[in-house]
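Visitor: predicted model follows, preceded by the sequence.
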Amino acid sequence: MTIFAPDQIVAKCRFWCFQRRLRKVKKTTGKIVSTKRILEKTPLHDSRSDTHNMYRDLTVGGAIIQCYSDNSSRHRTRA
């Protein structure tokens, strides 16, 4: 499972939230074996004509965090 988060602590918290929703697994019955940060080979997204970044960030992780915060501000959802 790939989880986009600003740091390791938030990533673990989001992992357990998703596991509770999908598989009904609690922290007491499950275990996280490892976490690692995946770096991109090419952080800029190139199209045929130019380089585009929808949320003005150089990495996908940063752009997704901006997307989550934008969505939470517009639609009253959690960030």
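Guide: Cool, the structure landed.
Visitor: can you give me the domain boundaries for this structure?
Guide: According to the TED database, the chain comprises the domains 1-38, 39-78.
Visitor: let me have these in CSV, adding mean neighbour count and mean pLDDT as columns.
Guide: All C-beta atoms are positioned from the backbone trio N, CA, C, and that covers glycine. Below are these laid out as CSV (neighbours: other C-beta atoms under 10 Å; pLDDT from 0 to 100):
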stretch, mean neighbour count, mean pLDDT
domain 1-38, 11, 88
domain 39-78, 11, 74
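Visitor: contacts made by stretch 6-25 with the rest, please.
Guide: With contact meaning C-beta atoms under 8 Å, 6 or more residues apart in numbering, stretch 6-25 is reached by 1, 3, 5, 26-27, 30, 32, 35, 37, 61, 65.
Visitor: tell me the SS of the residue nearest to the spatial centre of the chain?
Guide: Nearest to the mean C-alpha position of the chain, counting by C-alpha atoms, centre = their mean, stands residue 4 at 1.5 Å. Following DSSP: H, G, I helix; E, B strand; the rest coil, the label given to residue 4 is coil.
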